[in-house]
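Student: When you get a sec, could you give me coordinates for this:
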Amino acid sequence: MRHSLLLCILIFTCQFAGVAQAPPPSKLFPLSPSAFMNELRDISGKNGIDCGTISDSKPENSVAACGQKAFEEGKPFFLAYLDRAKTYLSSGYGIAGDETGKVFVVTYRFFPPFPAVVTSRSKVTDDSHTQISECVQPVKLETTSDGMLACIIPVNQDESDKAAHQIPVETSICAVLQNPAAWNNKLVRIRGHYSGNFEYSSLSSDDCDESLWFEYAGGEGPPSLAAHVGGGAMPGAEDADGKLILPIPITLVRDSKFEQFEKQVEAMAKADNDSYKKNPNKFVDHCVTATFTGRVDTVSSEIHQFHKTHPNNRSDFSGFGQMGSYDGQFVLQRVDSDSVMGACKN
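Tutor: Numbers count the residues shown, from 1 in each chain. Below you'll find the model as predicted:
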């Protein structure tokens, strides 16, 4: 990815500042393809150029090229990439430009329900299944590697440079979880218990109930983690104008303490497996405890509040980690202490 640009295309990858509210949990809301297209037409106006509607699995370059040309010529336009069920949409992604030069991204999902967020540049419709977001100025469009047209979020390079030169701050997992937004894109030194299996990887504390998703710098995970379905939250922050402040660049330090941590994680996985085989009804979780330095990435305070008031809606893909179930993640830069494996406290 180029450091000066960030594509914003998936349904939950644009989380803007200035959030006004998070709506209540949405119900299933089937939307027809024609209704979705009408929302795009309404934005572009009566003179909007219809650049086409196509499956999101087989996008044609001609659709994106039409939208790009219309935008460059200052003409209103609209286009859409759809995933159709029989008579309704499973999901929809569209872009529409109006006669003033503003461009909007329209996203729709039938399932699962998710907290579409109202912001200073977006609104929600269709029982919170559709989000209409204005692209950040100055607007720039680009075609993704998948052939879909997308808005580019401009980067605030000065603030990104400042963030990149942070010194680690001592904090706790509970402090981060209590006010996630305050710790977003911060470099911290933190002590916690790592636990996980083939699809989960978390960092917890004895002093609070929730946990952070845990991964290595570079996107990999500890040896106990085999695969997971990630959420839509993205690292980095934004300024008052919606421009991107790039995530703090960190590199994983693979030294002797890191090697010891991985050996303890492998021992943890074996201990978990042996415990389950011995007595599935009295399964004992094991953890690896250490002090770590790394970057914290979090969701907005509004999404965090939504999850606190609607705890049954955590797996809504709006956060980090498995199914977006975590309001924050810790990205490991280095292991700062010896690692100790033991039974987790319940």
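
Student: make it CA atoms for all contacts and neighbour counts henceforth
Tutor: Noted.

Student: all helices for the stretch 51-200 of the chain, in order.
Tutor: 61-72, 157-164, 173-178 (DSSP state H, counting those that start in this stretch).

Student: of all those helices, which lies closest to residue 146?
Tutor: helix 61-72 (9.3 Å; C-alpha to C-alpha).

Student: Just the buried positions in that closest one, please.
Tutor: The neighbour-count criterion (16 or more other C-alpha atoms under 10 Å) identifies 63, 64, 65, 66, 67, 68, 70, 71 as the buried residues of helix 61-72.

Student: Kindly report the same for stretch 188-204.
Tutor: Buried, per 16+ other C-alpha under 10 Å, within stretch 188-204: 188-197, 200-204.

Student: average model confidence for stretch 273-292?
Tutor: In this model, stretch 273-292 has an average pLDDT of 89.

Student: So which residues make contact with it?
Tutor: Stretch 273-292 has contacts (C-alpha atoms under 8 Å, 6 or more residues apart in numbering) with 189-195, 261, 264-265, 268-269, 271-272, 332-344.

Student: From the chain's centroid, how far away is that stretch?
Tutor: 29 Å (C-alpha atoms, centre = their mean, to the nearest Å).

Student: Which residues belonging to that stretch are considered buried?
Tutor: Across stretch 273-292, burial judged by 16+ other C-alpha under 10 Å covers 273, 275, 284, 285, 286, 287, 288, 289, 290, 292.

Student: Specify the local secondary structure of the first one.
Tutor: For residue 273, the assignment made with DSSP: H, G, I helix; E, B strand; the rest coil gives helix.

Student: where's it relative to residue 254, distance?
Tutor: 27 Å (C-alpha to C-alpha, to the nearest Å).

Student: State the distance from the residue of the chain positioned farthest from its centre to residue 256.
Tutor: Distance from the C-alpha centroid of the chain, by C-alpha atoms, centre = their mean, peaks at residue 278 (38.2 Å). Distance, residue 278 to residue 256, by C-alpha to C-alpha: 33 Å.

Student: Can you name the residues that contact residue 236?
Tutor: 184, 185, 244, 245, 246, 247, 248, 297.

Student: Now do the same for the closest residue in space to it that isn't next to it in sequence: its pLDDT.
Tutor: Computed as C-alpha to C-alpha, 6 or more residues apart in numbering, the closest residue to residue 236 that is not its neighbour in sequence is residue 247, at 3.9 Å. Looking at residue 247, its pLDDT reads 97.
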